[in-house]
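Asks: Here is a sequence with its predicted model. Questions after.
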Amino acid sequence: MGLVMQEGLEFGCAFEVEILVGRSRPHAEVTEGPVWSRVESGIREVFAKGGRVRLRLLEPLGGYIRKLSMDANPGNYRLVAFTSSKDLKFEILEWWESGGAGHRGFVRFDDDLWDARKVSRDIDVALVLFREFYDNGDLSDGVSSFRSPWDPKQ
C-alpha cells in the first residue's frame, strides 16, 4: 500500500499567501500551499506591525470569492474581497462591521478618511474570515459582512 497524500483546501494546497510585514520592507513573502498556521501568524504579525496579507485561490472551484486581502496599520485594518462576479460593481467588496450601527464618523487609515465601520480593531474578525476562506475556498457566512463600494451602508 502506497503513501496517500492528503490534499484539499483544509491543507492550503489550492492557495497562495502573500505577507508583507511593515510598510518599509521592499519584498513580500509569497508561499504557495501554505499551512493555516502560517496564514494565521502572518495575520497576527501584520495586525501588530502593519502591512498586508493576501490569500488567493489558485484553482478556481466555482466559488464567489477568489482573493481575500487585509491591509493594516498597527492595531487596525481593512478587509477587501475580490470576487468572480461578472458585474463590475461587485468585483471588489469591502468589509463593513456587522450590526445596524449607523454612521459614526470617519477614521484616518493611511492617508485617507474612511467610514469608521470599514476599519476594524478586532483581529478575531480577520482570523474568522480568513479561516472560512482557507477551509472552504469561498465565504458563505462571512460574505454577508462585505458590500460593494457602489452599495454602501447608510
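Replies: Happy to help now that I have it. Residues are numbered from 1 along each chain as shown.
Asks: make it CA atoms for all contacts and neighbour counts henceforth
Replies: OK.
Asks: can I assume Lys67 is in contact with Val53?
Replies: No: with contact defined as Cα atoms under 8 Å, Lys67 does not count as touching Val53 (10.4 Å).
Asks: who's more crowded, these two?
Replies: Neighbours around Lys67 and Val53, counted as other Cα atoms under 10 Å, are more numerous at Val53. The numbers are 29 against 23.
Asks: Does the more buried one touch Val17 like I think?
Replies: Yes: with contacts counted by Cα under 8 Å, Val53 reaches Val17, the gap being 7.1 Å.
Asks: Could you pull up the contacting residues of the spatially closest residue to Glu91 that is not a sequence neighbour?
Replies: Nearest residue to Glu91, sequence neighbours excluded (Cα to Cα, 6 or more residues apart in numbering): Thr83, at 4.9 Å. Thr83 makes contact with Tyr64, Ile65, Arg66, Lys67, Phe90, Glu91, Ile92, Leu93, according to Cα atoms under 8 Å, 6 or more residues apart in numbering.
Asks: Distance check, the second one against Ser140.
Replies: Which is Ile65. According to Cα to Cα, to the nearest Å, Ile65 and Ser140 sit 9 Å apart.
Asks: now do the third one
Replies: Shown here: Arg66 relative to Ser140, a distance of 13 Å by Cα to Cα.
Asks: When the two are compared, which one has more neighbours?
Replies: With neighbours defined as other Cα under 10 Å, Arg66 and Ser140 compare such that Arg66 has more, 24 against 14.
Asks: Would you agree the more buried one falls within a helix?
Replies: No: if the criterion is DSSP: H, G, I helix; E, B strand; the rest coil, then Arg66 is strand and not within a helix.
Asks: what's near enough to touch it?
Replies: Taking Cα under 8 Å, 6+ apart as the test, what Arg66 contacts is Arg56, Leu57, Pro60, Ala81, Phe82, Thr83, Ser84, Gly137, Asp138.
Asks: Can you report how many residues lie near the closest residue to the second one other than its chain neighbours?
Replies: Nearest in space to Leu57, with sequence neighbours left out and distances taken as Cα to Cα, 6+ apart, is Phe15 at 4.6 Å. With neighbours defined by other Cα under 10 Å, the count for Phe15 comes to 26.
Asks: separation between Phe15 and Lys89?
Replies: From Phe15 across to Lys89, the span is 25 Å (Cα to Cα).
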